[in-house]
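Visitor: based on what follows, work out the 3D shape:
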Amino acid sequence: MSSSPVRRIRSHRTRWRDRRRELAGLVARRVALGLPMLVGLSALVFLLAARSPFNPLAAYLGAGFQRTTAEQRESLSTALGFDVPWWRAWWSWAADLLHGDLGWSRGYAMPVSEVFAERLPWTLLLSGAALAVAVLSALVWGTVAGLHPGSWPDRIVTRVGVLVQAVPPFVLALGSVTVFAVILRWAPVAGAAAPGEAPTLGGVVTHLVLPACTLALTQLPWLLLAVRTAVARARGSEPVRAARARGVSPARVVTGHVLPVSLAPLVTIVGARLPELVVGAVLVEEIFAWPGIAAALIASAQSLDFPLLAALTLATTAVVLLGSLLADSAYLFLDPRVSADV
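Guide: Numbers count the residues shown, from 1 in each chain. As a prediction, the model looks like this:
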């Protein structure tokens, strides 16, 4: 009698130890695949920028390019490194990166690390708020729809989700600005603060609501329909029927049996949607003039600012890879049936 709890505890510890071992293997495999991908991607950025039909010196000087002589242009190209072969420029940048130096942004006339320090927190704030809104909304409305399949809430949730799926993110963003900022005047049009004013907590929250909700709306349909399907499937499962037969309250059945089963598919969808979230964040930031990395990314591409463009591309790719790893790791612990052989 007394040995049974001991065996269960040992079995539980063994499962957790095996899971940690599987997780370590998963991390090692993803790192082994991700590092060569990042190296190749950074080199590809320099190669494509060098093969661009645009003149980097003309992009750097702007209107002043026409007022320079051929000798001045040649001297400036040498001083700025525009005449260096792309592979040598990439090698020099990569060597500096290994020492913690992200390079110098010619477009912003400051170190790339300072551009990141100024703009990355704003992008993380917008993306984090949007993801939180999307996940919470999906859990609430997806659960309501899944618990009552065929009801009017289920029909509304399903049809709205399918409809929003078909709308491009930039159309949602432009529509949000037009309706809520221009026509109804419920929210500021753009930026993170009023023109000429320093950002304050209240001002940032006010300016954050509309772009965050818009970005959340671009990702919500997939999360919503995934939760709805998982809840509808879980409500008829054997553990749920057994809990109801024991007289467990409906609220306890939902929170203790239905929702835990629904979290695993939700985590998977969140990981799969991270690339789309990054792309959507760039579009939303540009339309709402949010002071994140989108403006820097577009400016670096237009001005052929190689170090900044490569660093931004690497950073966004690394965020996507890291988010996918975290999602797969969470799924590994949420569903004991899943193997980490991926």
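
Visitor: gap between the helix ranked longest in the chain and the chain center?
Guide: Assignment by DSSP state H gives helix 3-50 as the longest helix of the chain. Its chain's C-alpha centre and that of helix 3-50 lie 19 Å apart, by CA atoms, centre = their mean, to the nearest Å.

Visitor: outside of the helix or strand following that helix, which residues touch it?
Guide: Downstream of helix 3-50, the first helix or strand assigned by DSSP states H and E is helix 56-61. By CB atoms under 8 Å, 6 or more residues apart in numbering, the residues outside helix 56-61 that reach it are 49, 65, 68, 73, 76-77, 80, 82, 106-107, 302-304. Glycine gets a C-beta too; all of them are placed from N, C-alpha and C.

Visitor: and if we set it to 7 Å?
Guide: 65, 68, 73, 76-77, 80, 82, 106, 302-304 (CB atoms under 7 Å, 6 or more residues apart in numbering).

Visitor: got the CA positions of stretch 220-238 in CSV?
Guide: C-alpha atoms of stretch 220-238 as CSV (Å, rounded to 0.1, in the frame of the first residue of the first chain):
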residue,chain,number,x,y,z
LEU,A,220,-6.4,36.2,-33.9
PRO,A,221,-8.3,34.0,-36.4
TRP,A,222,-5.8,31.2,-36.4
LEU,A,223,-5.5,31.1,-32.6
LEU,A,224,-9.3,31.5,-32.2
LEU,A,225,-10.2,28.6,-34.6
ALA,A,226,-7.5,26.4,-33.1
VAL,A,227,-8.8,26.9,-29.5
ARG,A,228,-12.4,26.4,-30.7
THR,A,229,-11.6,23.1,-32.4
ALA,A,230,-9.5,21.8,-29.5
VAL,A,231,-12.2,22.7,-26.9
ALA,A,232,-15.0,21.1,-29.1
ARG,A,233,-12.9,17.9,-29.3
ALA,A,234,-12.0,17.9,-25.6
ARG,A,235,-15.6,18.4,-24.3
GLY,A,236,-16.5,14.9,-25.6
SER,A,237,-13.3,13.2,-24.4
GLU,A,238,-13.3,10.4,-21.8
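
Visitor: shaky segments in this protein?
Guide: 1-13, 15-16, 62-63, 196, 334-342 (pLDDT under 70).

Visitor: would you map the strands across it?
Guide: Under the criterion DSSP state E, the chain contains strands at 104-105, 110-111.

Visitor: who are the packing partners of the longest helix of the chain?
Guide: Judged by 3 or more CB pairs under 7 Å, 6 or more residues apart in numbering; DSSP states H and E, helix 3-50 is in contact with helix 86-98, helix 306-334.

Visitor: now the angle from that helix to helix 86-98?
Guide: 140 degrees (axes from the mean of the first three to the mean of the last three CA atoms, to 10 degrees).

Visitor: and the angle from helix 3-50 to helix 306-334?
Guide: Going by the same axes, to 10 degrees, helix 3-50 makes 160 degrees with helix 306-334.

Visitor: pull the number of nearby residues for the closest residue to Val27 other than its chain neighbours.
Guide: The shortest distance from Val27 to any residue other than its chain neighbours is 6.8 Å, reached at Leu325 (CB to CB, 6 or more residues apart in numbering). Neighbour count for Leu325, taken as other CB atoms under 10 Å: 18.

Visitor: was I right about Leu325 contacting Ala28?
Guide: No: here Leu325 lies out of contact with Ala28, judged by CB atoms under 7 Å, at a distance of 10.9 Å.

Visitor: turn the helices and strands packed on helix 3-50 into TSV, columns for distance to Arg17.
Guide: Putting these into TSV (distance: least, CB to CB, whole Å) gives the following:
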stretch	distance to Arg17
helix 86-98	35
helix 306-334	13
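
Visitor: tell me which of the ones you listed sits most buried.
Guide: Stretch with highest mean neighbour count among the helices and strands packed on helix 3-50: helix 306-334 (a mean of 19; mean count of other CB atoms under 10 Å).

Visitor: which strands or helices does it pack on?
Guide: helix 3-50, helix 86-98, strand 104-105, helix 112-147, helix 259-287, helix 293-302.
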